[in-house]
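J.: build me a structure from this.
(one chain, ligands or ions: 1)
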Amino acid sequence: MCGIVGILGKSAVATQIVDALKRLEYRGYDSAGVATLEDGGRLERRRAEGKLGNLEVKLSEAPLSGAIGIGHTRWATHGRPNERNAHPHATEKLAVVHNGIIENFRELKEELQAEGVRFETETDTEIVAQLVTKEILKGKSPVEAVAGVLPRLRGAFALAFLFAGEEDQLIGARHGPPLAIGHGEGEMYLGSDAVALAPFTDEVTYLEDGDWAVLSRHGVQIRDLKGRPVERKPQRIPSGTFMAEKGNHRHFMAKEIYEQPEVVGRTLAHYVDFATGRVKLPATLPFDFKTLKRMSISACGTAYYAGLIAKYWFERLARLPVEIDVASEFRYREPPMDEGELALFVSQSGETADTLASLRYAKAQGQHILSVVNVQTSTMARESAAIAPTLAGTEVGVASTKAFTCQLTVLLCLAIAAGRARGTLSDKDEAELVDELIRLPGLMAEAFKVEPRIEALNRDLARATDVLYLGRGTSYPLALEGALKLKEISYIHAEGYAAGELKHGPIALIDEDLPVIVIAPHDHLLEKTVSNMQEVAARGGKIVLVTDARGAEEIGMDTLATIVMPTASPTVAPILYALPIQLIAYHTAVFMGKDVDQPRNLAKSVTVE
Ligand code: F6R
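T.: So this is what the prediction gives:
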């Protein structure tokens, strides 16, 4: 989390830094700041609480004209999100921006305080500024000072330093979260990712974990953890890779919800041979599904729910046992893993700290690593033996939508491929499933017809203090996803439950004020879910039923609303039913006047644990 930028330019860089920060706002928007070197190498900074617009106002009132500078957009970890704690943090010698957490900051702070250093902020970052300053005051050069301090820092961090009087030098360091170097003509750049640097250059070098880099306008010297010079190859980023515009939509989230038929279609075209009706995996996998005894899946948040749906698919279609866990638990649980099995990771960003740590753990346990990622230049993509890309395009809305349905599409294709390899699916089974997949984008487009019905629920849902989501089978993870979507953008408390679990506790919550959203496509579990709905209705709960025409007819109950979806096969239904779930959250939050693209306290890329 947090976005960092550094520019060694030819003229004033503050505006460019803010432009780059705008592309990193998905990493946090609690505060923002810029520091530059003004005439004679004097450090100056402007900082503001809240989103980047506030910083722009400050810069227009008091412009900066330096041709070298660093900038930051913050997702608060240590210290309240106010201006005092906003980056860059500075001493008279340097300014620094930071993404991540310095875990041993308490002991370092106590050490510095004992020496008489006074701290202005509650952040862990200020410790870094003070430690490096201490070394410079002893007579060390900026490079020597940083080299001396980096090994003392524990945790996961990316840093960018600007030094008073050093008008041709920036230093960047990576220990965990990514950091990219951009190569320009007589200009150089640093950024949390290539997205930030896209307006300036398409030539980017990714630092490896433990690397740190000294940049001048004419090049970069990279050193590894031990201080040894290393070569890292620059890459060309294809133009247009990161383009994202809202188009005619009011919010990126709406645009991304509406893009789903297209991006799911595009992803399918990558995984399905339309002519033969067979799944074709885009990469040769470094393992054989046939010989696997089990597989594990880990991921976080929405990506985890995609993994949970995939567990049902892999187990049913390929009879392959799947263990699944949220990555933040998996990594510390240290589960025993038999060598040579498959560990699958799901991530939109490919940078989520817990998922990445789980990947590294599984690798050390001799697992084959396969990642389903959207950002193909991400750290997870680079550290996996094989990747299965989702072709969702850049997802800007903080709440994941199109990445989720593309993840599901890829995971279903992988499960079909596994079923074929293991002999649990016949030619005919595969052809039928592929046919259902091919029809999916069309069904998704048709599903938008339910939007007015969903919009009409705004008032009822916005009034609720709690909402319950219920589902069985693959609709259960969808219930979890629906509750997450509603929570994160409307701030209404919501819970997802397996419908059968209702009577084991949550039924106590049901009264006339509790909307209960039931996801129940017509499938072999429908009857069971209907019983659970009866239990809700008997206690006065207000039911919103999401089903298809056959389901609506069979259920035949009074509801607050019944959303009738196009008919899809039970296997692909979870991909289709993601749409109404997303639209319910979106319209409720918009009705309540919430910032759906940048909900409070959240960030798009979670690079701290
Ligand atoms: C929710 C959401 C998050 C992410 C989670 C994992 O809408 O977007 O729950 O799914 O932070 O992120 P990635 O997929 O980047 O690993």
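J.: quick one: name the residues of the protein near the ligand.
T.: Counting by Cβ under 6 Å from any ligand atom, the chain comes close to the ligand at 300-303, 347-349, 352, 355, 399-400, 484, 488, 606. Just so you know, the C-beta spots here come from the backbone N, C-alpha and C atoms, and that holds for glycine as well.
J.: give the contact list for whatever residue of the stretch 251-400 of the chain ends up closest to the ligand.
T.: Nearest to the ligand, among the residues of the stretch 251-400 of the chain, is Gly301, at 1.9 Å (Cβ to the nearest ligand atom). Residues near Gly301 by Cβ atoms under 8 Å, 6 or more residues apart in numbering: 400, 484, 606.
J.: so Lys290 is in contact with Thr424, correct?
T.: No: with contact defined as Cβ atoms under 8 Å, Lys290 does not reach Thr424; the gap is 10.3 Å.
J.: picking that back up, by neighbours, which of the contacts of Gly301 wins?
T.: The residue in the contacts of Gly301 with the most neighbours, by other Cβ atoms under 10 Å, is Ser400 (28 neighbours).
J.: that residue touches Ala303, doesn't it?
T.: Yes: the criterion here is Cβ under 8 Å, and Ser400 meets it with Ala303 at 7.4 Å.
J.: now the common contact residues for those two.
T.: In contact with both Ser400 and Ala303: Gln348, using Cβ under 8 Å, 6+ apart.
J.: check which helix or strand covers the residue lying closest to Ala310 once chain neighbours are set aside.
T.: Using Cβ to Cβ, 6 or more residues apart in numbering and skipping residues adjacent in sequence, the residue nearest Ala310 is Leu411, 3.8 Å away. Assigned by DSSP states H and E, Leu411 belongs to helix 402-422.
J.: His98 too?
T.: Using DSSP H and E, His98 sits within strand 94-102.
J.: what lines up beside that strand in the sheet?
T.: Next to strand 94-102 in the sheet, as set by DSSP bridges, lie strand 89-90 (antiparallel), strand 155-163 (antiparallel).
J.: show the average pLDDT along the shortest one.
T.: Within the predicted structure, the mean pLDDT of strand 89-90 is 96.
J.: next: stretch 599-609.
T.: The pLDDT scores in stretch 599-609 average 75.
J.: ok, and the closest non-adjacent residue to Gly69?
T.: Leaving aside its sequence neighbours, Gly69 sits nearest to Thr36 (Cβ to Cβ, 6+ apart; 3.6 Å).
J.: just give me how far the strand or helix carrying that neighbour sits from the chain centre.
T.: In this structure, Thr36 sits in strand 31-38 according to DSSP H and E. Mean-position distance between strand 31-38 and its chain equals 27 Å (Cα atoms, centre = their mean, to the nearest Å).
J.: and it, what's buried?
T.: Of all the residues in strand 31-38, those buried under the rule 16 or more other Cβ atoms under 10 Å are 31-37.
J.: counting contacts, what elements does it pack onto?
T.: Strand 31-38 sits against helix 14-22, strand 42-49, helix 52-61, strand 68-74, strand 94-102, strand 155-163, with contacts defined as 3 or more Cβ pairs under 8 Å, 6 or more residues apart in numbering; DSSP states H and E.
J.: can you do 10 Å?
T.: Judged by 3 or more Cβ pairs under 10 Å, 6 or more residues apart in numbering; DSSP states H and E, the packing partners of strand 31-38 are strand 3-8, helix 14-22, strand 42-49, helix 52-61, strand 68-74, strand 89-90, strand 94-102, strand 155-163.
J.: buried deepest among the ones you listed, which one?
T.: Most buried of the helices and strands packed on strand 31-38, by mean neighbour count (mean count of other Cβ atoms under 10 Å): strand 68-74, with a mean of 30.
J.: partner strands of it and their direction?
T.: Looking at strand 68-74 with DSSP bridges, its partner strands are strand 3-8 (antiparallel), strand 31-38 (antiparallel).
J.: out of these, flag the one nearest His175.
T.: Nearest to His175, of all the strands paired with strand 68-74, is strand 3-8, at 13.2 Å by Cβ to Cβ.
J.: which stretches of the stretch 451-600 of the chain form strands?
T.: When secondary structure is read from DSSP state E, counting those that start in this stretch, the stretch 451-600 of the chain shows strands at 466-471, 493-498, 515-519, 542-548, 561-565.
J.: hang on, the earlier thing: which residues are in contact with each of Lys290 and Thr424?
T.: Common contact partners of Lys290 and Thr424 (Cβ atoms under 10 Å, 6 or more residues apart in numbering): 318, 320, 418.
J.: adding distance to Glu256 and neighbour count as columns, could you present those residues in CSV?
T.: Putting these into CSV (distance: Cβ to Cβ, whole Å; neighbours: other Cβ atoms under 10 Å) gives the following:
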residue, distance to Glu256, neighbour count
Ala318, 30, 25
Leu320, 31, 23
Ala418, 29, 25
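J.: secondary structure element for Val128?
T.: Element membership for Val128 (DSSP H and E) is helix 125-137.
J.: how far does whatever helix or strand comes next after that helix sit from its chain's centre?
T.: Following helix 125-137 in sequence order, the next helix or strand is helix 142-149 (DSSP H and E). Centre-to-centre, helix 142-149 and its host chain are 33 Å apart (Cα atoms, centre = their mean).
J.: elements contacting helix 142-149?
T.: strand 94-102, helix 125-137, strand 155-163, strand 170-175, strand 212-216, strand 219-223.
J.: just put those in TSV and tack on mean pLDDT and distance to Pro81.
T.: Shown next, in TSV, are the helices and strands packed on helix 142-149 (pLDDT from 0 to 100; distance: least, Cβ to Cβ, whole Å):
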stretch	mean pLDDT	distance to Pro81
strand 94-102	94	15
helix 125-137	96	14
strand 155-163	94	19
strand 170-175	96	24
strand 212-216	97	28
strand 219-223	96	32
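J.: would JSON lines of these with distance to Arg80 be doable?
T.: Below are the helices and strands packed on helix 142-149 laid out as JSON lines (distance: least, Cβ to Cβ, whole Å):
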{"stretch": "strand 94-102", "distance to Arg80": "16"}
{"stretch": "helix 125-137", "distance to Arg80": "14"}
{"stretch": "strand 155-163", "distance to Arg80": "20"}
{"stretch": "strand 170-175", "distance to Arg80": "25"}
{"stretch": "strand 212-216", "distance to Arg80": "30"}
{"stretch": "strand 219-223", "distance to Arg80": "35"}
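J.: show me the contacts for Ile454.
T.: Per Cβ under 10 Å, 6+ apart, neighbours of Ile454: 448, 461, 544, 546, 561, 563, 579-588.
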